[in-house]
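>>> what shape does this take:
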Amino acid sequence: VDLHVFKNKLEISYRDLKEENQSCEREKFELQEQLIDMETQLQMIRNERDYYMNRLIDVEDELKNESV
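Residues are numbered from 1 along each chain as shown. Sure thing, here's the model as predicted:
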């Protein structure tokens, strides 16, 4: 009887752990998707920053040339 109870508890524990693992895997996937989105947004922001930095440099050069 004790062995049967122990086996039953192990099966329940295994099932619970398996469900928890599946939940963690889903969460991991969702977080990876969020990370990819954030990296994409960050790259867009970097590109925009670079564009405006280049524009600023161009405008500064134009101003220097006009003042000479």
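
>>> spatially central residue for this structure, please.
By CA atoms, centre = their mean, the chain has its centre lying nearest to L35, at 1.2 Å.

>>> could I get the average pLDDT for the strand or helix carrying that one?
Counting by DSSP states H and E, the element that carries L35 is helix 2-67. For helix 2-67, the mean pLDDT works out to 98.

>>> use 363 as the first number from now on
Understood, numbering begins at 363; the last thing we discussed is helix 364-429.

>>> returning to that earlier point: gap between the residue nearest to the centre of the chain and N409?
19 Å (CB to CB, to the nearest Å). All C-beta spots, glycine's among them, are computed from the backbone N, C-alpha and C.

>>> likewise for E389?
From E389 across to N409, the span is 30 Å (CB to CB).

>>> what of E381?
According to CB to CB, E381 and N409 sit 43 Å apart.

>>> again, but for Q384
Look at Q384 and N409: by CB to CB, they are 38 Å apart.

>>> equivalent analysis for E382, please.
Going from E382 to N409 by CB to CB gives 41 Å.

>>> sort out which residues of stretch 411-419 are buried, please.
Residues of stretch 411-419 include none that count as buried (16 or more other CB atoms under 10 Å).

>>> starting at the chain centroid, how far to that stretch?
Averaging C-alpha positions (CA atoms, centre = their mean, to the nearest Å) puts stretch 411-419 27 Å from its chain's average.

>>> just the CA coordinates for it, please, in CSV.
Provided in CSV are the C-alpha atoms of stretch 411-419 (Å, rounded to 0.1, in the frame of the first residue of the first chain):
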residue,chain,number,x,y,z
ARG,A,411,20.0,58.6,-34.2
ASP,A,412,22.7,58.1,-36.8
TYR,A,413,20.6,59.8,-39.5
TYR,A,414,20.1,62.9,-37.3
MET,A,415,23.7,63.0,-36.2
ASN,A,416,24.7,63.0,-39.8
ARG,A,417,22.2,65.7,-40.6
LEU,A,418,23.6,67.8,-37.7
ILE,A,419,27.1,67.4,-39.0
